[in-house]
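Peer 1: output the structure for:
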Amino acid sequence: MNYTFVLMKRLWAVIIVSVPLHFAYAQTSFFENQRSFPRVALAIKVKEDTLKKQFEAAKLQWPPKQIYIRSFKYDSQLEVWTRNSNKEAFKFFKTYKVCALSGALGPKRIEGDYQVPEGFYYINQFNPKSSYHLSLGLNYPNASDALLSDSLKPGGEIYIHGTCVTVGCIPIQDNQIEELYVLASHAKDNGQDFIPVHVFPVRYNNTKSFEFLLKTTKDDLEYQHFATKIKEVYDFFEQYKKLPLISVNKKGDYVFY
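Peer 2: Below is the predicted model:
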C-alpha cells in the first residue's frame with residue numbers, strides 16, 4: 001500500500017471538510033451586525049461620510065477606536081471625545097445639546113423620581129429598535145447606586161436617546177443620536193467594550209453653573225459631598241485629558257487613582 005498516497009488523501013479530506021466549517025462559523029462584526037437594522041443602516045448611509053469629514057477637519061483618526069462621553073445636566077450639554085489607544089490623551093470632537101431635562105440636580109436614588117443619574121457609567125446596550133429612534137443604554141444602577149439608592153426600587157432603563165423627550169434619560173435630537181450611535185458602534189467594533197459615560201451636575205468651569213450648584217448644595221451636605229467627589233474626576237480629566245481608574249468604597253463613595 002502506498003502510505004504517502006493514503007496520507008495525502010486524508011489530508012485533503014480534512015482540508016475539504018474544514019473550509020466550509022470555517023466559513024460557517026465566521027462571525028459578523030459588531031458594526032456589520034448593527035448595519036443589518038434599518039434605522040442604523042440609514043444612519044450609517046446618511047452620517048458616515050459627514051462624520052469622516054468632521055474627523056478629518058478636526059485632525060482626528062477615522063474611524064474612532066475609543067470614545068468618551070460626558071454630560072452636564074444644568075448646562076444641557078453632551079460632549080464626545082476620542083482617541084486611538086490607552087496611551088494617548090483624548091481629543092475633543094464635538095458637543096451636542098441635551099434637548100430636554102427632567103428632575104433636578106442630584107443623583108438618581110429611587111424608581112420614579114424622574115432624576116437623570118449623576119456619576120460614572122458605561123454604555124451597556126445598543127438599541128437599534130428604540131421607541132426613541134435609537135438609544136444607548138447606561139449601566140444604571142452601578143456599584144455606587146446599588147449602595148446609595150433604594151435597595152428595592154432603584155430604577156433603571158436609563159438611555160442616551162433621540163426624540164427629545166425624557167423621564168430621566170439624556171435625550172438629544174434624532175440626527176444627533178444617529179451620529180453618536182454610529183461613533184459608538186465603530187468604537188465597540190474596534191474593541192472598546194466599555195464606553196465611559198460620565199454625568200456631572202454642572203460644567204464646573206462655568207461660573208454661573210458652579211454658583212448654582214453651590215446654592216443647591218448649601219443645605220444638603222450629602223449632595224455637597226457627592227458633587228465634590230465627582231468633581232475630582234472632572235478636574236483630573238481637564239488637566240490630563242485621560243480618565244483615572246474609578247472604584248467604589250464600602251460607603252458607596254467614588255474613589256479614583
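
Peer 1: mind listing the helices for the stretch 51-200 of the chain?
Peer 2: Under the criterion DSSP state H, counting those that start in this stretch, the stretch 51-200 of the chain carries helices at the ranges 143-148, 174-189.

Peer 1: please list the outside residues in contact with the last one.
Peer 2: Counting by CB atoms under 8 Å, 6 or more residues apart in numbering, the neighbours of helix 174-189 from elsewhere in the structure are 29-31, 34, 40, 43-44, 46-48, 51, 63-67, 69, 80, 82, 93, 96-97, 123, 126, 128, 133-136, 160-164, 172, 195. Quick note: C-beta positions are derived from backbone N, CA and C, even for glycine.

Peer 1: which helix or which strand is home to Thr50?
Peer 2: Thr50 is part of helix 38-57 when elements are defined by DSSP states H and E.

Peer 1: check which helices and strands that helix sits against.
Peer 2: helix 30-35, strand 91-97, helix 174-189 (3 or more CB pairs under 8 Å, 6 or more residues apart in numbering; DSSP states H and E).

Peer 1: ok and that helix relative to helix 174-189, angle-wise?
Peer 2: Interaxial angle of helix 38-57 relative to helix 174-189 (axes from the mean of the first three to the mean of the last three CA atoms, to 10 degrees): 80 degrees.

Peer 1: helix, strand or coil for Ser247?
Peer 2: strand (DSSP: H, G, I helix; E, B strand; the rest coil).

Peer 1: burial of it, as a residue count?
Peer 2: 13 (other CB atoms under 10 Å).

Peer 1: so what sits opposite it in the bridge?
Peer 2: Counting by DSSP bridges, Ser247 forms beta bridges with Val255.

Peer 1: tell me, how many residues neighbour Pro141?
Peer 2: Neighbour count of Pro141, defined by other CB under 10 Å: 21.

Peer 1: excluding chain neighbours, what is closest to it?
Peer 2: Pro154 (4.4 Å; CB to CB, 6 or more residues apart in numbering).

Peer 1: got it, and Tyr159?
Peer 2: Ser135 is the one closest to Tyr159 (CB to CB, 6+ apart), at 4.1 Å.

Peer 1: so that neighbour versus Lys231, what's the distance?
Peer 2: As for Ser135, its distance to Lys231 is 28 Å (criterion: CB to CB, to the nearest Å).

Peer 1: give me the more crowded residue out of the two.
Peer 2: When Ser135 is set against Lys231 and neighbours are counted by other CB under 10 Å, the residue ahead is Ser135, at 25 against 16.

Peer 1: which residues does that one contact?
Peer 2: With contact set as CB under 8 Å, 6+ apart, Ser135 has these partners: 125, 127, 159-162, 169, 177.

Peer 1: what do you get if the cut-off is 6 Å, keeping everything else the same?
Peer 2: Residues near Ser135 by CB atoms under 6 Å, 6 or more residues apart in numbering: 127, 159, 161.

Peer 1: start to end distance for stretch 205-225?
Peer 2: Its first and final residues considered, stretch 205-225 spans 18 Å by CA to CA, to the nearest Å.

Peer 1: buried residues in that stretch?
Peer 2: Across stretch 205-225, burial judged by 16 or more other CB atoms under 10 Å covers 209-210, 212-213, 216-217, 223.

Peer 1: could you dump the residues you listed to CSV with secondary structure and distance to Gly112?
Peer 2: Written out in CSV, the entries for the buried residues of stretch 205-225 read as follows (DSSP: H, G, I helix; E, B strand; the rest coil; distance: CB to CB, whole Å):
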residue, secondary structure, distance to Gly112
Ser209, helix, 27
Phe210, helix, 29
Phe212, helix, 25
Leu213, helix, 24
Thr216, helix, 21
Thr217, helix, 23
Tyr223, helix, 19
